[in-house]
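*Asks:* Sharing a model prediction with you, sequence too.
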Amino acid sequence: MEDWALIRRLVADGVPQRQVARDLGIGRSTVARAVASDGPPKYERPAVPTSFTPFESAVRQLLVTTPDMPATVIAERVGWTGSITWFREHVRRLRPEHRPVDPSDRLTWLAGDAAQCDLWFPPTKVPLEDGSTASLPVMVITAAHSRFMVAKMIPTRHTQDLLLAMWLLLQQLGRVPRRLIWDNESGIGRGKRHAEGVGAFTGTLATTLVRLKPYDPESKGVVERRNGFFETSFMPGRSFASPADFDAQFGDWLGKANARVVRTIKARPVDLLDADRAAMLPLPPVAPAVGWVNRVRLGRDYYVRVDSNDYSVDPNVIGRFVDVHADLTRVEVRHEGRLVAAHDRVWARGMTLTDPAHVATAKVLREQFQLPRPAADPDDELGRDLPRDLADYDRAFGLIDGGLSTSPVDGEEVA
């Protein structure tokens, strides 16, 4: 390489090729080839048949029909008996030639047009009310134009909690993007159908919920990259005492993150937020119906279930219909509009929440039920419902008169 560069420099300076060859101690043909070549010399090993060569055509045929077939399966199909590592290297070389191409376009996000939604699972477990720990999801919404981020930890991936969190975060954002972009999250919908309640939610907000097709990560890459950013910049060295503590720490950190310059847009999200909001839709005048809603008849076991936990209710409404409503923090039960139970919602699983007042009321009602009932007075109006003596009916129909029946029986009087 160095001789090639020196030869070309000397010849360019006007030194005759014969003198260059003599000074450098090389042949004149070497000097001539160096001057005529377009690039530095390199060693190229001539292609020779290898042990893979007889199998290459069969491997290509399999890759044409099934480009993602594992190399081990291909080796079995073609009868390869040599080194599987050597075979994998050749399959890896051939596979891109037969795999279909899926190009991705550069996306431009207009102000107010879209917000990308996703669930992030922090790589840590958060303590819950019963002393257990759990890995809980975090709902993240990122405005696509400004890259402004809002987030909230939620107890489950059920539709009810997803809609509750979306509504809370949109209120933090202050406006409603024209499109909410999701992947195929089961709580939002699968296939061609939204989950129950999602259509009514988006209809109230006058927005459109877009669920992406499978294998299209680029269309939601803005929020996906934020999830990785959280794990490398927010999580290291942190611990959390509860979900509320997580939200407090994360909310404080997001305030700082939203004030940093984003490399791709060369601006701070907080500086672009006003323009993004101006192009969004206003919040609806009537809040959407979100949360856990159920109508049940209260049984003798005066508890209602929300998610996996049981909450006590005033026993005075046993046997009647009650309306159960729960959000992320509170559970309320009403009978004909009257509040008959109120509890803080717990995020642990399989717990029973009991109000001591409900237990005391149940004890009083049980004691009243177990008291002996007084006998009914025959002269009382209630006594008319008691069974009558059959002789009363005989007298009413003239069958008995003073103990002697006057009705003929087989033509004779009966004493």
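*Replies:* Received, thanks.
*Asks:* quick one, phi/psi of Ala326?
*Replies:* Per-residue torsions, Ala326: phi -140, psi 140 (degrees, to the nearest 10).
*Asks:* ok, so what distance separates it from Asp344?
*Replies:* As defined by Cβ to Cβ, to the nearest Å, Ala326 lies at a distance of 10 Å from Asp344. To be clear about C-beta, it is placed using only N, CA and C from the backbone, and glycine gets the same treatment.
*Asks:* can you pull out the strands in the stretch 201-350 of the chain?
*Replies:* In the stretch 201-350 of the chain, strands defined by DSSP state E, counting those that start in this stretch lie at 208-211, 292-297, 303-306, 309-312, 321-326, 330-335, 338-344, listed in chain order.
*Asks:* Which one of those strands lies nearest to Asp23?
*Replies:* strand 208-211 (72.8 Å; Cβ to Cβ).
*Asks:* Give me the sheet partners of that closest one and which way each runs.
*Replies:* Paired with strand 208-211 in the same sheet, following DSSP bridges, are strand 179-182 (parallel).
*Asks:* by contact count, what packs against the next helix or strand after the partner strand?
*Replies:* For strand 179-182, the following helix or strand on the C-terminal side (DSSP states H and E) is strand 189-190. With contacts taken as 3 or more Cβ pairs under 8 Å, 6 or more residues apart in numbering; DSSP states H and E, strand 189-190 sits against no other helix or strand.
*Asks:* how about low-confidence regions in the chain?
*Replies:* Low-confidence segments of the chain, defined by pLDDT under 70, span residues 1-2, 43, 103-105, 217, 375-390, 392-415.
*Asks:* Now with 80, please.
*Replies:* Scanning the chain with the threshold set as pLDDT under 80 gives 1-4, 38-47, 101-107, 214-219, 373-415.
*Asks:* so how far does stretch 8-27 reach from one end to the other?
*Replies:* Using Cα to Cα, to the nearest Å, the end-to-end distance of stretch 8-27 comes to 15 Å.
*Asks:* Now that stretch: buried residues?
*Replies:* For stretch 8-27, a neighbour-count test (16 or more other Cβ atoms under 10 Å) marks Arg8, Leu10, Val11, Gln17, Val20, Ala21 as buried.
*Asks:* Mark which of the residues you listed are part of helices, please.
*Replies:* Secondary structure assignment (DSSP state H) places Arg8, Leu10, Val11, Gln17, Val20, Ala21 from the buried residues of stretch 8-27 within helices.
*Asks:* The third one and Arg22, how far apart?
*Replies:* What that stands for is Val11. Between Val11 and Arg22 the distance, using Cβ to Cβ, works out to 13 Å.
*Asks:* do the same with Phe234
*Replies:* Look at Phe234 and Arg22: by Cβ to Cβ, they are 70 Å apart.
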